[in-house]
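1. Please find the sequence and the predicted model below.
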4 protein chains.
Amino acid sequence: MNEFIQKRNDLHVFENLESNVRSYCRSFPTKFQRASGYQLWDMEGKAYIDFFAGAGALNYGHNPPEMKKKLIEYLTMDGISHSLDMATEAKESFLTRFNDVILKPRGMNYKIMFPGPTGTNSVESALKLARKATGRQTIMSFTNAFHGMTLGALAVTGNKFKRSGAGVPLNHTLSMPYDGYMGKDVNSLDYIESFLNDSGSGISLPAAVIVETLQGEGGINTASNEWLSGLADLCKTYGMLLIVDDVQMGCGRTGSFFSFERCGIIPDIVCMSKSIGGYGLPMALTLMKPELDLWEPGEHNGTFRGNNLAFITATAALDYWERPSFSYEIEAKAVLVRDVLEEIVIQVPELKGEIRGRGLMQGIAFEPGIAERISILAFQRGLILETSGTDSEVIKIMPPLTIERAGLESGLQILKECIHDIANEANLLIAQQ
Amino acid sequence: MNEFIQKRNDLHVFENLESNVRSYCRSFPTKFQRASGYQLWDMEGKAYIDFFAGAGALNYGHNPPEMKKKLIEYLTMDGISHSLDMATEAKESFLTRFNDVILKPRGMNYKIMFPGPTGTNSVESALKLARKATGRQTIMSFTNAFHGMTLGALAVTGNKFKRSGAGVPLNHTLSMPYDGYMGKDVNSLDYIESFLNDSGSGISLPAAVIVETLQGEGGINTASNEWLSGLADLCKTYGMLLIVDDVQMGCGRTGSFFSFERCGIIPDIVCMSKSIGGYGLPMALTLMKPELDLWEPGEHNGTFRGNNLAFITATAALDYWERPSFSYEIEAKAVLVRDVLEEIVIQVPELKGEIRGRGLMQGIAFEPGIAERISILAFQRGLILETSGTDSEVIKIMPPLTIERAGLESGLQILKECIHDIANEANLLIAQQ
Amino acid sequence: MNEFIQKRNDLHVFENLESNVRSYCRSFPTKFQRASGYQLWDMEGKAYIDFFAGAGALNYGHNPPEMKKKLIEYLTMDGISHSLDMATEAKESFLTRFNDVILKPRGMNYKIMFPGPTGTNSVESALKLARKATGRQTIMSFTNAFHGMTLGALAVTGNKFKRSGAGVPLNHTLSMPYDGYMGKDVNSLDYIESFLNDSGSGISLPAAVIVETLQGEGGINTASNEWLSGLADLCKTYGMLLIVDDVQMGCGRTGSFFSFERCGIIPDIVCMSKSIGGYGLPMALTLMKPELDLWEPGEHNGTFRGNNLAFITATAALDYWERPSFSYEIEAKAVLVRDVLEEIVIQVPELKGEIRGRGLMQGIAFEPGIAERISILAFQRGLILETSGTDSEVIKIMPPLTIERAGLESGLQILKECIHDIANEANLLIAQQ
Amino acid sequence: MNEFIQKRNDLHVFENLESNVRSYCRSFPTKFQRASGYQLWDMEGKAYIDFFAGAGALNYGHNPPEMKKKLIEYLTMDGISHSLDMATEAKESFLTRFNDVILKPRGMNYKIMFPGPTGTNSVESALKLARKATGRQTIMSFTNAFHGMTLGALAVTGNKFKRSGAGVPLNHTLSMPYDGYMGKDVNSLDYIESFLNDSGSGISLPAAVIVETLQGEGGINTASNEWLSGLADLCKTYGMLLIVDDVQMGCGRTGSFFSFERCGIIPDIVCMSKSIGGYGLPMALTLMKPELDLWEPGEHNGTFRGNNLAFITATAALDYWERPSFSYEIEAKAVLVRDVLEEIVIQVPELKGEIRGRGLMQGIAFEPGIAERISILAFQRGLILETSGTDSEVIKIMPPLTIERAGLESGLQILKECIHDIANEANLLIAQQ
């Protein structure tokens, strides 16, 4: 405990100078210095296993050596660092490589837009484009969706706390029930279609639907393949564009490069960011079907569209996707995670855990309070784990995709111990009463 | 001309794969490879003098060696690259250094927020905070303002073309005349106050006023010191917060670190981005008076708040600001620019040029068409120059602050020749009629 | 048919001078001159039975003699005709009588507001008050709701055609499924509560819910008593005000004076208009619980709040409500209507009619097209009948409450014949194929 | 004073049963019973001269005998009272007569719409139509405008107190300076045009401009003929429709039938209500150029569009406009009013009165507080006078147009005495200090 206080004291610079808005530094109260692969080290040299992966921005782990090498080479030769949307060699390499490794093999002919370097930039550009292309204004989004914090993206985000931060009404949107929201046996698409199909339902036909195939921030809710392809059909029927926000679920988080490959749909627009830059560097893409590329030059722009250091690492990261085995490796790790989670849930039935997710985005939902307690305990024992859901009710396992088996097992072992300890605490408490 | 066509062919990857939205690569049709200081080189080794400076993101020039060295060291030692808003050594160094070099010497006690790595992120966070702090919804902005492309920031941007890209009405804002908009002898603040003071004027009292002290994108319009301090007084009288968007004008662009130092005002909130990262790396800050730091933890967030590579170069960049001489050097270069511009305007009276701006953000306004023609000619002769204003009517001189005198003179010489050539063309045309 | 053309010619003044927006004169193409009780006569002396009753504004029939007498007396003695919201003897009489006959016997202590003389004025005032009282902005309304045509009321109206007339987005509202909308076995309140109760559902807590207990314009959809009281409970739980729009269903249309008496709820706010004036004269009321009477003087106003001629007839109309037998008489007529409708539906099963409604607001839903055809045929045979529903799929039986049994039977006989003829036409068509 | 208290007690029914929102009954605390011409009598038989005229709804005085006669005849013969928008003899007579007496002689070919019986209904319909016809959303309105209390009309109303009653942001509108708002020597149209003409001004091109030629509620501000025709030109240049809200200023209030006849403009849309019904009965019109009659049948509607009693009196009222002398009589009375007001202002220079208005809508602006005091004193002496302006700073003289010279002189005499008494009070107060 003394050690803990000492460390917090160590954070006085942040407490004194940084805004109250800071958040993760409160959950993980230490000062980090170095990182490599699936591990971080703080100033005192203590190592942490990373089951958080920069909220999905570090799918290839911290400072992967092959990207680091290329980055240093590029810096050394005075490669262009910042180029707005001017043409550079680094950008050309990325475009070519992305087309060759990702788009062409999947039969996709998306046009590529650099909308500014963050996920919310990509979402804002997608919403603009959908409204422009259709002449409609409403965007349909889903319960528990998370799409970003700028005003346009926030309007399609479900979280009440985040929404109320806007300080103005968030309009021109329509929040509809996600897969499973109305109960296991109800297909929420039937309800949605009744609204779309009814000229008395009090809504306008949406320009687009924006959806995450798996809601990472909203509680690790997974949409089924049937639901997703049903949604794509609905979009066609009612002239709505389908936007998949693959900011967190893309770049292999659920196994395939795009998260929607599992259900065979081709979205009209795809939003990418987080791990697209490979090295945790700010970068984002908006992919759109060629017929939707209705932008006037400069109609959407931004200073940091041309983060060439990110182009270098992003290009290098695509090497992973040349090997078909990469997806299989992710899947194998996902099975390992699933097995341990199932074991845990069976071992501590009193905590009534419910396993959620797929790929390397899995978790267990508990009663409120438990997941937060797990995260605190795990951090003390050297494991970084975030919670998810509007009530922080889900513990989220989200390691780098490249984590070694040993690291994954160590992390899961710590997780298991923490959950057992919490179960024991709880049982003790009950016994004492 | 052949050479020109050849180069454009060279850009086929961009033409085939990138969205129509790309823009600067059309004005500067070559493929850049390397850069250093005030110069860029394209793939064919042709050098260009940079009077554009990444639209203000490269105030310290391309790849400044001292920052580059630190960046490579940091990468080599596996420093944290991406940290969300967790505490890191690199972030602590930046916070401490920013406080010591910038805030303390100016008697400022701002709290520092990392709102996501772009200017529009910073503006969105500032607007949210102002609405939260005051409980009001309207934000007052100015004619020809530019604040960003996400929905909240776009609503306070003046440009009709950019605004219409939103596809939805942009509300909760009030556009008022900037200094000089109503003519030289009219103080637009009188008009604004008549609206604020009148319970029948049809507006709501704004939560805040967002202002650029010099409008870089909107035509290089400079607000006078008197107008700016009058605006600050108006804010106090009517309980509105004063937000200065220093994204482009900060970091020394007009001479001092903050652009508003010249008029003695202390804004309630300051937005910074572009050159704050030092090396062209995505980074942004929102500064707020401590009593306004009303954020709940996590109420605004974003994946790339913690771009630690930028923290490293941002910290190094602050070295420039330890020396009081840095501002004087900028001012000396500004005088040189002003002298040449005045000379040009006198030499070609037929073009009716009007000099605008201050510091190293200066330009000449012409009849529509001329500035664009200058930009094309200059590029062919190895000088990169952007236009400004909604009709691209202003040619903008915006070199790195660190540009050597020789480079500045070379660039200005090219500019002078281009303008003379255009004047000659025009005179020839008239003579032929 | 010749006769029909002749009559339309007769309408040339309307066709030449009146806007295209006119509507009922197209369905009922003749020029009316006189009316009494349940009958109207056109310029040629042809009589029509009125099963439309001014869309609910003529619950006491045309020109009821006892009101007419009082109106003429008042005019003769130069009683105040128009008084804004000044105090007049006529207004005092109405207030006293409304309190004595309606409010007191029902244990209600509503404060009474005169919001302007139309239903939409009353709805607008109710929405303002709910927003003011709660500090929230969203209003929840229901699928197929109809609340009026001014911008605030239109935003809570379901009909897409009417909504699109606004020309601006209709925001700050939330359209939710009405009773029965999700199927007979699904309680739509469960779905609604899941949205209210979930901090990730993407909505703001509403200031109020506005509901019709029976949707007259939206297709004669009836909410059950259980659903209505469940809705009232939901309002209490989530701090939302309950607004009942009784503009069409009030004043006895469904049997009791207020339509909600059948389920024992006491709304926070009640909107009344149409028949409240008794004689078809423009008048409206907004009733609010005393603790909600938070208006500042003059915060909502309107020139025709004080239509004293309407106060005279409105006061006289309350005489009907002194006799408990009035409700029983309505109910007896309702049973007669229901019996005939059931008989019809059984006799022509091929038309698949579905009986809807209660009290003297009943109808039969058919496949699209049939109800409109019935309305045309009936008009030719001297019966005025409107359709309802967004696809005009319901034929609506809505006579004056005071209609004599003979008149009701005659009208129903015409209706029956029309439906049989249409069934025969349809059968013939099928036989011919 | 005793008498005053007694009378207020008399109003207990209103105090107990009516909402706090009631307003004029507080300024004129007595209970009115009868009225004729320019006079009202309260329950105690006390007579009042009416310089308020139902806020413009009683231009022809109270219960004008010739209209009363026709109304009673119509009631006696069981004429249609309420007809929605069905064709009736009474409506046909009005349409024909309005065309013959008003439109044709002025060379106008407006289509006539009955938008619901109030001014705000007419304004809402006009805004809808303008948005539909142009495909634009913004409506330009003016400082100190008053257009109504429903959400669409309120959004173009200037008064902050009324606006805040909305409880939601009022958007899609643009408030611009009225004639004279920027000072006597500044033409506010220049400023407005600079905003319209500038693609960087931060506004969208409006669908329409809505304007009162004289602002009755907003402080009796008169737009000059030059300004109004300049505004009409601006509308043409920028493709905006010109809507004149003649609800209060039409029907002869400023001399001519339409208030805009003085400057030769032909608005695209005209809103009329208040005195159009002749007898203080609720009725409204929206006039539109034939090419703007783009309504679909039923796209805007309302229960009380067909107030046939009002059609009867409205038709009769048009008799006044057959005689050209009617306008001259109004003008003669206006001169009389002006003379007395000028006399007063000269006699009590210490009150610094400023005469405003034209026709029979004139007034004197004072320092805040004085006009309200005049209104109270005048009421005690048997004269009903309203104040105007957001600070109630203007005393408003607005008698029936038909007032006899004797009545006008008596009223003005009372006004003069009240003002002198207030000046004496004030002088006494100063002397005592």
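-> Arrived safely.
2. Could I get the contacting residues of the residue lying closest to residue A:263 once chain neighbours are set aside?
-> Among residues not flanking residue A:263 along the chain, residue A:225 sits closest, at 3.8 Å (C-beta to C-beta, 6 or more residues apart in numbering or on different chains). Where you see a C-beta, it was placed from the backbone N, CA and C, and this is true even at glycine. Counting by C-beta atoms under 8 Å, 6 or more residues apart in numbering or on different chains, residue A:225 makes contact with A:262-264.
3. any chance of the residues you listed in CSV, with neighbour count and pLDDT too?
-> Shown next, in CSV, are the contacts of residue A:225 (neighbours: other C-beta atoms under 10 Å in any protein chain shown; pLDDT from 0 to 100):
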residue, neighbour count, pLDDT
A:262, 16, 97
A:263, 17, 95
A:264, 10, 93
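4. For chain C, state which of these is nearest.
-> Ranked by distance to chain C (C-beta to the nearest C-beta), the contacts of residue A:225 are led by residue A:263 at 23.3 Å.
5. Hmm, the closest one is touching residue A:231, no?
-> No - applying C-beta atoms under 8 Å as the test, residue A:263 and residue A:231 come out as separate, 9.5 Å apart.
6. Next, the spatially most central residue of chain A: secondary structure please.
-> With distances taken as C-alpha atoms, centre = their mean, residue A:248 lies nearest the centre of chain A, 2.0 Å away. Here residue A:248 is coil, with the state taken from DSSP: H, G, I helix; E, B strand; the rest coil.
7. which residue sits closest to it in space, ignoring its chain neighbours?
-> Per C-beta to C-beta, 6+ apart, closest to residue A:248 is residue A:56, 4.1 Å.
8. Span of stretch A:347-358 from start to end?
-> 21 Å (C-alpha to C-alpha, to the nearest Å).
9. tell me how far that stretch is from the chain's mean position?
-> 22 Å (C-alpha atoms, centre = their mean, to the nearest Å).
10. The stretch 1-150 of chain A: strands as residue ranges?
-> Here the stretch 1-150 of chain A has its strands, by DSSP state E, counting those that start in this stretch, at A:32-36, A:39-42, A:47-50, A:111-113, A:139-142.
11. any idea which of these is most buried?
-> strand A:139-142 (a mean of 28; mean count of other C-beta atoms under 10 Å in any protein chain shown).
12. Remind me what the next helix or strand after that strand packs against, helices and strands.
-> Where DSSP states H and E defines the elements, the next helix or strand beyond strand A:139-142 is helix A:151-154. Here helix A:151-154 touches helix A:119-134, helix B:151-154, going by 3 or more C-beta pairs under 8 Å, 6 or more residues apart in numbering or on different chains; DSSP states H and E.
13. Those into CSV, with extra columns for mean neighbour count and mean pLDDT?
-> Putting those into CSV (neighbours: other C-beta under 10 Å; pLDDT from 0 to 100) gives the following:
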stretch, mean neighbour count, mean pLDDT
helix A:119-134, 28, 98
helix B:151-154, 29, 97
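14. Distance to residue D:397 for these - can I get that in JSON lines?
-> Shown next, in JSON lines, are the helices and strands packed on helix A:151-154 (distance: least, C-beta to C-beta, whole Å):
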{"stretch": "helix A:119-134", "distance to residue D:397": "52"}
{"stretch": "helix B:151-154", "distance to residue D:397": "49"}
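15. Where do the domain boundaries of chain A fall?
-> A:2-63+A:324-432, A:66-322 (automatic domain parsing).
16. For residue B:432, which of these is the nearest?
-> Residue B:432 sits nearest to domain A:66-322 of all those, at 33.3 Å, using C-beta to C-beta.
17. To which secondary structure element is the nearest residue to residue A:49 once chain neighbours are set aside assigned?
-> Ranked by C-beta to C-beta, 6+ apart and with sequence neighbours excluded, the top spatial neighbour of residue A:49 is residue A:411, at 4.3 Å. According to DSSP H and E, residue A:411 maps onto helix A:405-432.
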